[in-house]
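1. I would like to see how this sequence folds:
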Amino acid sequence: MEMMKREIETGAAKAGPYSVAVENAGVLYVSGQLGLDGAGAFAGPDAAAQAGRAMENLGGILAAAGYTWDEVVKTQIFLTDMRDFRAVNEVYASFFSGAFPARSCVQVAALPKGGLVEIEMIAAH
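-> Purely as a prediction, here's the structure:
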């Protein structure tokens, strides 16, 4: 069986040589999303606002690829301060209505553009 890799384009600006998302064999791999709006500004000064916008960005990518939140099987959250865990967790949970995906959450020293949170995901049909 030949695997076919399909790049998902959303028109969103990218900061480097990577795809916003790639689909292969019914699995969608979505690059990490910061809490940036369409103009490239952070949605707010706090991690909760940035997490909400990152999740909205992820939802747009899912839709562009023909996937839904119910098909998300794994996420990874990167925080610059683990004290933001509770606030980000509350925002994150509000995007799911069924079984939650598997997830990991780690603290990192820094994120691109000085972001406070970045979220990536994998979805499968």
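2. give the other helices and strands that the helix or strand of the chain with the lowest mean pLDDT contacts.
-> Of all helical and strand segments in the chain, the minimum by mean pLDDT, DSSP states H and E falls on strand 5-8, at a mean of 91. Judged by 3 or more CB pairs under 8 Å, 6 or more residues apart in numbering; DSSP states H and E, the packing partners of strand 5-8 are strand 21-24, helix 47-65. Every C-beta, even on glycine, is put in place using the N, C-alpha and C of the backbone.
3. okay, buried residues for it please.
-> residue 8 (16 or more other CB atoms under 10 Å).
4. circling back: okay, the helices and strands packed on strand 5-8, which one's buried deepest?
-> Mean neighbour count (mean count of other CB atoms under 10 Å) peaks for helix 47-65 among the helices and strands packed on strand 5-8, with a mean of 21.
5. quick one: mean pLDDT over that one.
-> What helix 47-65 shows for mean pLDDT is 97.
6. give me the residues contacting that helix.
-> 8-10, 12, 20-21, 23, 28, 30, 33-37, 42-44, 68-69, 71-72, 77, 79, 81, 84, 87-88, 90-92, 95, 115-119, 121, 123 (CB atoms under 8 Å, 6 or more residues apart in numbering).
7. just the C-alphas of the least confident helix or strand of the chain, formatted as PDB.
-> The C-alpha coordinates for strand 5-8 follow below in PDB (Å, rounded to 0.1, in the frame of the first residue of the first chain):
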ATOM      1  CA  LYS A   5       1.400  12.600   2.200                       C
ATOM      2  CA  ARG A   6      -0.900  15.600   1.800                       C
ATOM      3  CA  GLU A   7       0.000  19.000   3.000                       C
ATOM      4  CA  ILE A   8      -2.800  21.000   4.600                       C
END
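8. about what we covered before: out of the contacts of helix 47-65, which sit inside helices?
-> Among those, the ones falling in helices (DSSP state H) are 87-88, 90-92.
9. are any of the residues you listed buried, and if so which?
-> 87-88, 91-92.
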